[in-house]
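Novice: Predicted model follows, preceded by the sequence.
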Amino acid sequence: MKPLKIGMIGLSHGHAYSYMHEMSSLTETVLVGIADEEPVRGKDAADKYGVPYYSDYGDLLASEADAVVICSTNARHAELVKAAAAAGKHVLCEKPLGIDREEMREMIEACRAGGVELMTAFPCRYLSSVVQAKEAIDRGEIGDILAMKGTNRGKMPGGWFTDRERSGGGAVLDHTVHVADLMSWFLGNAEATEVYAQIGTLFHEVDIDDAGMLHFRFDNGVFGVLDPSWSRPAAFPTWGDVTLEIVGTKGVISIDAFSQKNEVYGGQSGTHWDYWGDNMDRLMIRDFARSIIRGIPVPISGEDGERAASIALMAYESAALGRPVSSGQR
């Protein structure tokens, strides 16, 4: 079985560097080129992996690549996904899938029309605690789910993430989508029908939201509560967390997705957490490649990405209006 030839478009998101490392080491993938708008950054990465650098992503799309991974700023996702679809390239797109509902639908339709797969990068689905929780839920071990409470609290990333023109939103968009996707997945791809949110800037001197509290109702009646924030200080031992408490009619499941860690104490460097658990990025990239090679649908679709991002977008609408927003009113 030949490995999937993948090009990287955009190095703006930090996840790009982890994805490139995994693509260069997996037997199922081979990195064949890097396109980035910043020449120094792009050339340095291309030299490291011994692949061509493209200043114009169109030249990469015209290359031998079978697929591309997109890690640009959020505002460019739609442009790049649609261009890749037109070139016949399968796509793995960094989250959030998009910053506008209409553009996300256009991305999904472009890939459908181009006969290519569109996968949203939600690597948290590959963490052991998450996988085991999903299996327990599907076996009915906690009965019917009644409610879920989650957190995604991290450090403030800075840079273009705080520029609304390029990011589309702050912590609420950045950190809602991972946990919202898990909640929807646990419920069999349920849709949020109502969202109420309080959003603010509480922890940093930035002109964008760094905190929020979201309450939402799914179409099957289940309630969700989520704290997505950039509330961790620079000295915090790790970048953040992903937690979930799932309440059912017969029991409760608690998830601390990154609890597989050692506490390391080191002189001038202070304390940090050394994570030893699952390499979620590696598992996600491998799953994407195997799906394309085998000719089967990708496990995390563009629709999954739209579903999760829409919760964040509804949250911004709710906060602006000061009341709950329902999907029927959009």
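Specialist: Noted; the coordinates are in hand.
Novice: you'd agree A136 is up against I142?
Specialist: Yes - assessed by Cβ atoms under 8 Å, A136 is found in contact with I142 at 6.8 Å. Yep, even glycine has a C-beta here, placed from its N, CA and C like the rest.
Novice: you'd agree S291 is in a helix?
Specialist: Yes - per DSSP: H, G, I helix; E, B strand; the rest coil, S291 lies within a helix segment.
Novice: so what's it up against?
Specialist: Contact partners of S291, counting by Cβ atoms under 8 Å, 6 or more residues apart in numbering, are 117, 119, 297-299.
Novice: same deal with D210?
Specialist: D210 makes contact with 156, 170-171, 200-204, 229-231, according to Cβ under 8 Å, 6+ apart.
Novice: Pull the number of nearby residues for the residue lying closest to it once chain neighbours are set aside.
Specialist: Nearest residue to D210, sequence neighbours excluded (Cβ to Cβ, 6 or more residues apart in numbering): W230, at 4.3 Å. Neighbours of W230 under the rule other Cβ atoms under 10 Å: 28.
Novice: same question, T27
Specialist: Residues near T27, counting by other Cβ under 10 Å: 9.
Novice: likewise R294?
Specialist: The burial count for R294: 9, using other Cβ under 10 Å.
Novice: start the count at 221, not 1, going forward
Specialist: Understood, numbering begins at 221; the last thing we discussed is R514.
Novice: residues contacting it?
Specialist: Neighbours of R514 in contact, by Cβ under 8 Å, 6+ apart: none.
Novice: May I have the predicted confidence score for it?
Specialist: You'll see R514 listed with a pLDDT of 97.
Novice: Just want the phi and psi numbers for it.
Specialist: Backbone torsions of R514, given as degrees, to the nearest 10, read phi -90, psi -10.
Novice: What ranges does the stretch 371-520 of the chain have for its helices?
Specialist: For the stretch 371-520 of the chain, helices defined by DSSP state H, counting those that start in this stretch occupy the ranges 384-387, 391-406, 500-514.
Novice: Which one of those helices lies nearest to E299?
Specialist: Closest approach to E299 among these (Cβ to Cβ): helix 384-387, 12.4 Å.
Novice: before we move on, the earlier item: which one of the helices of the stretch 371-520 of the chain is the most hemmed in?
Specialist: Of all the helices of the stretch 371-520 of the chain, helix 391-406 has the most neighbours on average by mean count of other Cβ atoms under 10 Å, namely a mean of 26.
Novice: Roughly how far does the residue nearest to D430 sit from V351?
Specialist: Distance of W450 to V351, given as Cβ to Cβ, to the nearest Å: 27 Å.
Novice: same thing with D276?
Specialist: 40 Å.
Novice: out of those two, which sits in the more crowded spot?
Specialist: Using other Cβ under 10 Å, the more surrounded residue of D276 and V351 is V351, with 13 against 10.
Novice: got the buried residues for the host helix or strand of that one?
Specialist: Assigned by DSSP states H and E, V351 belongs to helix 348-358. Under the neighbour-count criterion of 16 or more other Cβ atoms under 10 Å, helix 348-358 has 349-350, 353-354, 356-357 buried.
Novice: Just send those residues back as JSON lines, with distance to M368 too.
Specialist: Output for these, formatted as JSON lines (distance: Cβ to Cβ, whole Å):
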{"residue": "S349", "distance to M368": "14"}
{"residue": "V350", "distance to M368": "13"}
{"residue": "A353", "distance to M368": "11"}
{"residue": "K354", "distance to M368": "13"}
{"residue": "A356", "distance to M368": "14"}
{"residue": "I357", "distance to M368": "11"}
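Novice: which residues touch M403?
Specialist: With Cβ under 8 Å, 6+ apart, M403 has these contacts: 368, 370, 410, 438, 444, 446, 464.
Novice: Does Y237 touch M228 like I think?
Specialist: No - counting by Cβ under 8 Å, Y237 does not reach M228; the two are 9.7 Å apart.
Novice: Give me the common contacts of these two.
Specialist: Taking Cβ under 8 Å, 6+ apart as the criterion, Y237 and M228 both touch A265.
Novice: In terms of neighbours, single out the busier of the two.
Specialist: More crowded of Y237 and M228, by other Cβ under 10 Å: M228, with 30 against 15.
Novice: Assign the more buried one to helix, strand or coil.
Specialist: Here M228 is strand, with the state taken from three-state DSSP.
Novice: And for the one 3 residues further on?
Specialist: State at L231, reduced to three classes by three-state DSSP: coil.
Novice: Please look at it and G262 and confirm they touch.
Specialist: Yes - here L231 reaches G262: they are 6.4 Å apart, a contact under Cβ under 8 Å.
Novice: Now do the shared contacts for those two.
Specialist: Contact with both L231 and G262 is made by residues 254, 256, according to Cβ under 8 Å, 6+ apart.
Novice: Counting neighbours, go ahead and name the busier of these two.
Specialist: Neighbours per residue (other Cβ under 10 Å) separate L231 from G262, with L231 holding more: 23 against 19.
Novice: Relative to A266, how far out is that one?
Specialist: Note on L231: its distance to A266, by Cβ to Cβ, is 10 Å.
Novice: what sits in contact with each of these two?
Specialist: Joint contacts of L231 and A266 (Cβ under 8 Å, 6+ apart) are I254.
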